[in-house]
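Chemist: Sharing a model that was predicted from the sequence below.
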Amino acid sequence: MLAFFASVVEAYSSEFDVLTVHFDDDGEHYLQLQAIPERDTDADSARVYVEVDDQGIAGADCFSLAELRRGSFRLIFAHEPALVAIGEVVVSFELKCEPFEELRAALTQILAGTSQYRFLEETPD
């Protein structure tokens, strides 16, 4: 398992209109998810590209669970040997309300059409 605190949390579209969410500890670790553009025109295309720390540790549609909470994002890996070796990644972060809602919207869009994504709202005690 890999766990880190992301000092950088970004949601953006690249110059090629690829929607990306990027978590980075500003040093050693990062997690990046991208919507695969062909998924909108090719029914057989993968839906989500995932990369952890290096382009060589990556895969498409390679997770069994994606879980967003108010202060963390968790991804459990499947299918891709380099990612299965990690098992899962848990990224914690601190975001104000508006940036968190932007992150939530971007993840919802990137993970659209996958049954493995869920947002867990915490209720106050």
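Modeler: Alright, I've got the coordinates.
Chemist: Pull out the buried residues from the lowest-mean-pLDDT helix or strand in the chain.
Modeler: Scoring the helices and strands of the chain by mean pLDDT, DSSP states H and E places strand 117-119 at the bottom, with a mean of 92. Buried residues in strand 117-119, counted by 16 or more other CB atoms under 10 Å: residue 117. (Glycine included, C-beta is placed from N, CA and C.)
Chemist: Which neighbours in the sheet does that strand have, and how are they oriented?
Modeler: The pairing partners recorded for strand 117-119 under DSSP bridges are strand 63-69 (parallel).
Chemist: got the CA positions of the strand it pairs with in PDB?
Modeler: Coordinates of the C-alpha atoms in strand 63-69 are reproduced here as PDB (Å, rounded to 0.1, in the frame of the first residue of the first chain):
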ATOM      1  CA  PHE A  63      -8.800  -0.600 -10.400                       C
ATOM      2  CA  SER A  64     -11.500  -2.300  -8.500                       C
ATOM      3  CA  LEU A  65     -12.500   0.600  -6.200                       C
ATOM      4  CA  ALA A  66     -12.200   4.400  -6.400                       C
ATOM      5  CA  GLU A  67     -13.400   6.100  -3.200                       C
ATOM      6  CA  LEU A  68     -13.500   9.800  -2.500                       C
ATOM      7  CA  ARG A  69     -14.000  11.200   1.000                       C
END
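Chemist: Name the residues that touch the longest helix along the chain?
Modeler: When the chain is parsed with DSSP state H, its longest helix is helix 97-110. Contact with helix 97-110 is made by 9, 11, 19-21, 33-35, 48, 66, 68, 70, 73, 95, 117, 119, as judged by CB atoms under 8 Å, 6 or more residues apart in numbering.
Chemist: What's the PyMOL line that selects buried ones from those?
Modeler: Under the burial definition 16+ other CB under 10 Å, those of these that qualify are selected in PyMOL by:
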select buried, resi 9+11+19+20+21+33+34+35+48+66+68+73+117
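Chemist: Which residue ranges of this structure form helices?
Modeler: 81-84, 97-110.
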